[in-house]
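> no FASTA, just this:
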């Protein structure tokens with residue numbers, strides 16, 4: 001199967017890597033998914049949901065996958081995980097937070113969701129990086145250039161290839 005994701009604004013086949021120009025519908029797709037999650041979570045659970053990753057930064061090319069940070073108390077994690085799985089997310093275990101993915105049923109990944117405990121340093125850095133790119137168009141454009149330059153290399157080098165820039169921007 002090729003990786004056109006059927007012309008949709010979201011979707012990337014496993015084992016592939018591509019960037020798509022910023023799509024103005026990404027924030028709305030995030031809002032829809034956040035609302036779907038919030039409707040499904042028990043009312044007595046206190047959660048926060050954040051749009052993170054490149055699709056959350058206007059004007060930034062991105063892998064066409066929505067990245068979501070969901071914050072819940074550690075003791076609520078099993079119940080939140082059950083809700084996510086009922087919504088079609090697959091639990092991939094601990095990665096950056098507890099990692100869940102959602103696919104479209106045809107092997108095309110559409111959502112990455114990271115479940116974090118409150119005040120998790122990784123989540124705080126995700127949001128700080130997003131906010132720094134939103135505030136600074138020059139940093140956003142430099143980050144896009146780095147991401148684009150990494151496309152020609154090995155897929156496993158993509159994420160590590162961005163680390164130095166991310167670390168530098170967060171320490172500025």
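Looks like it arrived, so ask away. These numbers come from a predicted model, not from an experiment.
> these two touch, right, residue 72 and residue 44?
No - the criterion here is Cβ atoms under 8 Å, and residue 72 misses it with residue 44 at 11.7 Å. Quick note: C-beta positions are derived from backbone N, CA and C, even for glycine.
> Neighbour count for the two, which is higher?
Taking other Cβ atoms under 10 Å, residue 72 and residue 44 do not tie; residue 72 has more neighbours (23 against 7).
> Now for the more buried one: which residues touch it?
Counting by Cβ atoms under 8 Å, 6 or more residues apart in numbering, residue 72 makes contact with 45, 46, 47, 80, 115, 116, 117, 118.
> can you rerun that using 6 Å?
47, 80 (Cβ atoms under 6 Å, 6 or more residues apart in numbering).
> what do you get for residue 62?
54, 55.
> And the residue lying farthest from the centre of the chain, its phi and psi?
Distance to the chain centre peaks in the chain at residue 44, reaching 25.7 Å (criterion: Cα atoms, centre = their mean). In terms of degrees, to the nearest 10, the main-chain angles of residue 44 are phi -90, psi 0.
> Do a quick rundown of the strands in the protein.
12-13, 47-52, 66-72, 89-95, 97-103, 108-116 (DSSP state E).
> out of those, nearest to residue 169?
Set against residue 169 and scored by Cβ to Cβ, the strands of the chain come closest in strand 47-52, at 14.6 Å.
> Can you give the distance of the closest one from its chain's centre?
Distance of strand 47-52 from its chain centroid, counting by Cα atoms, centre = their mean, to the nearest Å, is 10 Å.
> What lies in contact with that strand?
By Cβ under 6 Å, 6+ apart, strand 47-52 touches 30, 34, 41, 67, 69, 70, 71, 72, 126, 127, 130.
> hang on, the earlier thing: where does the residue farthest from the centre of the chain land on pLDDT?
Looking at residue 44, its pLDDT stands at 82.
> Enumerate every residue touching it.
So residue 44 contacts nothing (Cβ under 6 Å, 6+ apart).
> any chance you could map the helices in the protein?
26-40, 77-86, 121-135, 137-150, 158-171 (DSSP state H).
> Residue 10 against residue 110, yeah?
Yes - counting by Cβ atoms under 6 Å, residue 110 is a contact partner of residue 10 at 4.4 Å.
> so residue 55 touches residue 66, yeah?
Yes - the criterion here is Cβ under 6 Å, and residue 55 meets it with residue 66 at 5.4 Å.
> So what pairs up with the most centrally placed residue in the chain in the strands?
The chain has residue 67 as the residue nearest its centroid, 1.5 Å off, counting by Cα atoms, centre = their mean. Note on residue 67: beta-bridge partners residue 52, residue 112, judged by DSSP bridges.
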